[in-house]
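Novice: compute the structure for the input listed below.
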Amino acid sequence: MSDKPSSMTARQEKWFASILESMARETGKTLDEWVEIARTCPETRPGARKAWFKATHGIGTNRASVILGKAFPESAHWAEPDNLRETLWADAHARAVLEAIEAAVADVPGLVSAQRKGFTAFSREYQFAAARPLKGGIVRLGLAVDPSSDPRLELPKNEGWSERLKSVRLLTSAADVDTSVKALLRQAWERS
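Specialist: Below is the predicted model:
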């Protein structure tokens, strides 16, 4: 396994490299030493492992994610993005909405699309949009635009994606990815 997940923007790659570069200096141990410690963790769930690292060793979430990703690559969120995508977007209706979003941004320069555990992210330098499936084939589209940009936008509610995404639009079908949604995606991309 590569130490770095694929599908990262240049900015994310720099951040990831800084985490690796500063590990030994700021924690007193190399990544490989932390990986050996991680393998002694009594927890089995990723969230519990991160909590254990913080409680036992004072390691924060970002470093713990890097360490645990190398120690347990099978549980890293980037380990098998295709499987994550298949699981998350199993509902055919929601998947059709996602595919319409992907088609709408396919031609924007510098696009980086990455699958996360709970959503699909779209970035250039920064994340500009994210899509999360809901029950019933509905998709929540988060956008890096002000909610006042369109009367159909609402404020996000504990989304778990980038805090840059200031508005949300519910999409109930692929046809909802219309000219106005495409314009909002373009506007969000321009700000990224």
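Novice: helix or strand right after the longest helix anywhere in the chain?
Specialist: In the chain, assigned by DSSP state H, the helix with the most residues is helix 10-27. For helix 10-27, the following helix or strand on the C-terminal side (DSSP states H and E) is helix 31-38.
Novice: what's the first helix or strand after that next one?
Specialist: Moving toward the C-terminus from helix 31-38, the first helix or strand encountered (DSSP H and E) is helix 46-57.
Novice: that next one vs helix 31-38, what angle?
Specialist: Counting by axes from the mean of the first three to the mean of the last three C-alpha atoms, to 10 degrees, helix 46-57 lies at 100 degrees to helix 31-38.
Novice: for helix 46-57, packing partners?
Specialist: Packed against helix 46-57 by the contact rule (3 or more C-beta pairs under 8 Å, 6 or more residues apart in numbering; DSSP states H and E) you find helix 31-38, helix 61-71. For every residue, glycine as well, the C-beta is placed using N, CA and C.
Novice: just checking, what packs against the last one?
Specialist: Meaning helix 61-71. helix 10-27, helix 31-38, helix 46-57.
Novice: swap in the first one?
Specialist: Packed against helix 31-38 by the contact rule (3+ C-beta pairs under 8 Å, 6+ apart) you find helix 10-27, helix 46-57, helix 61-71.
Novice: ok, back up a step: comparing the helices and strands packed on helix 61-71 by mean pLDDT, which bottoms out?
Specialist: Looking at the helices and strands packed on helix 61-71, the lowest mean pLDDT belongs to helix 10-27 (a mean of 77).
Novice: so which residue is smack in the middle of this protein?
Specialist: Centroid-nearest residue in the chain, with C-alpha atoms, centre = their mean: residue 116, separated by 4.2 Å.
Novice: alpha carbons only: can I get the host helix or strand of residue 84 in CSV?
Specialist: Element membership of residue 84, judged by DSSP H and E, is helix 81-88. Only the C-alpha atoms of helix 81-88 are listed here, as CSV (Å, rounded to 0.1, in the frame of the first residue of the first chain):
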residue,chain,number,x,y,z
PRO,A,81,-12.7,3.4,-3.0
ASP,A,82,-14.5,1.4,-5.6
ASN,A,83,-16.1,-0.9,-2.9
LEU,A,84,-16.9,2.2,-0.8
ARG,A,85,-18.7,3.7,-3.8
GLU,A,86,-20.6,0.5,-4.6
THR,A,87,-21.8,0.3,-1.0
LEU,A,88,-22.6,3.9,-0.5
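Novice: what's the first helix or strand after that helix?
Specialist: The helix or strand immediately downstream of helix 81-88 is helix 92-105, counting by DSSP H and E.
Novice: point out where the protein drops to low pLDDT.
Specialist: Across the chain, residues meeting the criterion (pLDDT under 70) sit at 1-13, 74-82.
Novice: sorry, back to before: and the helix holding residue 84, how far from the chain's centre?
Specialist: Computed by C-alpha atoms, centre = their mean, to the nearest Å, the chain-centroid distance of helix 81-88 equals 13 Å.
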